[in-house]
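In: Here is a sequence with its predicted model. Questions after.
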Amino acid sequence: MIALPNLARFSLKATMFRQTPFRLTLMFITVYSFVAVLIFAYIYIASSAETKAVSDAQVKSRVDYLEEVYREKGEEAVVETLSQEDITEWFFVKIVYREDGEILAENRRATTEVSPQVFDHIREKARYVGGDERAFQINYRLTDPAGKRKSYAYRGQVVTLEPGLSLYVGMDTSWSEKGFDMGFKALWGGGVLVIVLGLFAGMIINNEVSRSVQGLMQVFDLVKEGDLKARAKLRNSGDEFDALAERVNETLDRMEKTMGNLKYAGDAIAHDLRTPLSRLRSKLEVSLYDVEKDPSQAPEVIERALAETDQLLRTFQTVFSISRLQAAGQAPDQKLFDASALTDDMRELFEILAEDKGLEFTAEIEPGVKAYGNRDFLAQAMANLLDNAIKYTQTGGITLRLRHNSRREIEFSVTDTGQGVPEADRARITQRFVRLENSRSLPGVGLGLSMVEAVAVAHKGRLSIDEGPGIYGDQGPGLRTALILPPVG
């Protein structure tokens, strides 16, 4: 029982290190540290080269001056010069010595800071680097009387005044070394601070992102378990997570609506098909009895059964077409076509049907109208509108129109003089399998306008349902349905 909290903490840490925000933070810290090291290395190299150049120039000028003094006045003048310049040349160490190591003269700083061991080291280094030709660096540490260890750094040069007599001049560069040491310490300290603060910031960012992502994951878990009412909470921060949550909620709204439609469609199909299926079964039973009595009736019985079956198949086909359009979100195989020619084809086809029923049929078709979409689906939608108008109009007439409206949209409309639809029911009649009471006696299953609306939405258009021309005889006020498509170009 005691080990469980430790295990939980380990699991939390392991999960945190696997999460993208924290890993991005670590990557940023690594890149930042690498760049900082490169910048400091460049500064160090450039500054070191500049320091060496300045030091070498300063040393060279002192060496040239003392060489000139030696040539003009001799050894004693050099010794006297070292003593006179001791205060003004405090940054320099100057030693005149013989080949056997005997020191003939040195300034006060050399006396204080250059021990016999250090002096021997200078002589060895001079022989190693070539003496008169190159400057060299001497670094060492000494313990002062107070017991503190101090670091010393000189960059100097040994020149030969005459055979067996040499001069060493070195400039104090410990200030530069200390500056670089402080820079290194600042770099390490700043690096540690950046890492610590970066990790802390990474944990905060990771927790914030994880909290937002966890909320979405909880919503998905609830949806996976069947709760289509679950929605992501918005923080009203206007950031990407709020935008993502809005998209998720919109998707879930559409999913819930689609599932509701599927459930409603399934229930409606089961309800509406129960009667024709029961009737078909009863007719088949009666027909079977009749056929057994009189086999000559078999063709007529089979013909009626096929007609009922065809109606059921048409119902299923319409439902599948609507579902396909809604699932795809847009109509397939859309292209530019002649809408005026399509409307004229519809006129020729349904004008005969209207006249057979004793109805007047007129058409007002704007010439040269081009539309973009799936011609077959739009033809089916127009056929549904015209078929409904003929079916529900007993007297009067029907008008088919194609035009550009005031918004330059393409408008197919059908106006009839039938009984019309009450305004309160106009939103309902586009739902699947909805049939008003006055249409129950007429053939159909209530899918015509559902198909039209699905086609309109799939073409980014809309279906408009309004009152017709008014009272006509004992009928009215009629109905005007319009399939409206967005303008082309």
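Out: Good, I have the coordinates. Keep in mind the model is a prediction, meaning the values are calculated, not measured. Numbers count the residues shown, from 1 in each chain.
In: what comes up buried for the helix or strand hosting residue 347?
Out: Using DSSP states H and E, the element containing residue 347 is helix 339-356. For helix 339-356, a neighbour-count test (16 or more other C-beta atoms under 10 Å) marks 339-340, 342-344, 346-347, 350-351, 354 as buried. Where you see a C-beta, it was placed from the backbone N, CA and C, and this is true even at glycine.
In: Please give the centre-to-centre distance between stretch 341-349 and its chain.
Out: Offset of stretch 341-349 from its chain centre (C-alpha atoms, centre = their mean, to the nearest Å): 48 Å.
In: Give me the contacts around it.
Out: Here stretch 341-349 makes contact (C-beta atoms under 8 Å, 6 or more residues apart in numbering) with 361, 363, 365, 369, 371, 375, 378-379, 382-383, 386, 400, 402, 412.
In: Could you export the residues you listed to TSV, including columns for pLDDT and secondary structure?
Out: Formatted as TSV, the contacts of stretch 341-349 follow (pLDDT from 0 to 100; DSSP: H, G, I helix; E, B strand; the rest coil):
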residue	pLDDT	secondary structure
361	95	strand
363	94	strand
365	95	strand
369	94	coil
371	94	strand
375	92	helix
378	92	helix
379	91	helix
382	92	helix
383	91	helix
386	93	helix
400	95	strand
402	95	strand
412	95	strand
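In: one step back: put the alpha carbons of the helix holding residue 347 into PDB.
Out: Extracted C-alpha coordinates of helix 339-356, given in PDB (Å, rounded to 0.1, in the frame of the first residue of the first chain):
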ATOM      1  CA  ALA A 339     -30.600  25.300 -66.400                       C
ATOM      2  CA  SER A 340     -33.000  26.800 -68.900                       C
ATOM      3  CA  ALA A 341     -32.900  23.600 -71.000                       C
ATOM      4  CA  LEU A 342     -33.400  21.400 -68.000                       C
ATOM      5  CA  THR A 343     -36.500  23.500 -66.900                       C
ATOM      6  CA  ASP A 344     -37.900  23.200 -70.500                       C
ATOM      7  CA  ASP A 345     -37.500  19.500 -70.300                       C
ATOM      8  CA  MET A 346     -39.400  19.400 -67.000                       C
ATOM      9  CA  ARG A 347     -42.100  21.600 -68.700                       C
ATOM     10  CA  GLU A 348     -42.600  19.200 -71.600                       C
ATOM     11  CA  LEU A 349     -42.800  16.200 -69.200                       C
ATOM     12  CA  PHE A 350     -45.200  17.500 -66.700                       C
ATOM     13  CA  GLU A 351     -47.300  19.700 -68.900                       C
ATOM     14  CA  ILE A 352     -48.900  16.500 -70.300                       C
ATOM     15  CA  LEU A 353     -49.600  15.200 -66.800                       C
ATOM     16  CA  ALA A 354     -51.200  18.400 -65.700                       C
ATOM     17  CA  GLU A 355     -53.400  18.600 -68.800                       C
ATOM     18  CA  ASP A 356     -54.500  14.900 -68.300                       C
END
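In: what about stretch 94-110, how long is it end to end?
Out: 6 Å (C-alpha to C-alpha, to the nearest Å).
In: Have a look at this structure and report its longest strand.
Out: strand 149-162 (DSSP state E).
In: and it, average pLDDT?
Out: Strand 149-162 comes out with an average pLDDT of 83.
In: what lines up beside that strand in the sheet?
Out: Under the criterion DSSP bridges, strand 149-162 sits next to strand 136-143 (antiparallel), strand 165-172 (antiparallel) in its sheet.
In: Return the distance of whichever helix or strand comes after the last one from the chain's centre.
Out: Read it as strand 165-172. From strand 165-172 onward toward the C-terminus, using DSSP H and E, the following helix or strand is helix 174-224. Centroid separation between helix 174-224 and its chain, computed with C-alpha atoms, centre = their mean, is 23 Å.
In: all strands in the stretch 301-450 of the chain, in order from the N-terminus.
Out: 335-338, 360-365, 370-373, 397-404, 410-416 (DSSP state E, counting those that start in this stretch).
In: For residue 198, find the nearest of the ones you listed.
Out: Residue 198 lies closest to strand 370-373 among the strands of the stretch 301-450 of the chain, at 54.5 Å (C-beta to C-beta).
In: in its sheet, what does that closest one sit against?
Out: By DSSP bridges, strand 370-373 pairs with strand 335-338 (antiparallel).
In: and for the strand it pairs with, what are the contacting residues?
Out: With C-beta under 8 Å, 6+ apart, strand 335-338 has contacts from 369-373, 375, 488.
In: returning to what we had before: quick check, distance from the helix holding residue 347 to the centre of its chain.
Out: In terms of C-alpha atoms, centre = their mean, the centre of helix 339-356 is set 51 Å apart from its chain centre.
In: what's the neighbour count on the nearest residue to residue 190 once chain neighbours are set aside?
Out: Residue nearest to residue 190 in three dimensions, not counting chain neighbours: residue 36, with 7.6 Å by C-beta to C-beta, 6 or more residues apart in numbering. Neighbouring residues of residue 36 were enumerated by other C-beta atoms under 10 Å; the total is 14.
In: how near is residue 36 to residue 157?
Out: Going from residue 36 to residue 157 by C-beta to C-beta, to the nearest Å gives 36 Å.
In: now residue 248
Out: For residue 248, the distance to residue 157 (C-beta to C-beta) stands at 76 Å.
In: Looking at the two, which one has more neighbours?
Out: Each of residue 248 and residue 157 has its neighbours counted (other C-beta under 10 Å); residue 157 has more, 24 against 18.
In: in what helix or strand does the nearest residue to residue 168 once chain neighbours are set aside lie?
Out: Nearest non-adjacent residue to residue 168, counting by C-beta to C-beta, 6+ apart: residue 95, 4.5 Å away. Assigned by DSSP H and E, residue 95 belongs to strand 92-98.
In: Quickly run through the sheet partners of that strand, with directions.
Out: strand 103-106 (antiparallel), strand 165-172 (antiparallel).
In: Of those, give the one that comes closest to residue 296.
Out: Closest to residue 296 of the strands paired with strand 92-98, according to C-beta to C-beta: strand 165-172, at 131.7 Å.
In: What average pLDDT does that closest one get?
Out: Model confidence over strand 165-172, given as mean pLDDT, is 87.
In: Next: stretch 217-236.
Out: Mean pLDDT, computed over stretch 217-236, is 78.
In: which residues touch it?
Out: In contact with stretch 217-236 (C-beta under 8 Å, 6+ apart) are residues 212, 215-216, 241-242, 244-246, 248-249, 252, 255-256, 259.
In: Tell me which of those fall in helices.
Out: Those of the contacts of stretch 217-236 mapping onto helices are 212, 215-216, 241-242, 244-246, 248-249, 252, 255-256, 259, per DSSP state H.
In: Let me know the pLDDT of residue 5.
Out: pLDDT at residue 5 comes out at 46.
In: meant to ask about residue 276
Out: Per-residue pLDDT puts residue 276 at 60.
In: Thanks a lot, see you next time.
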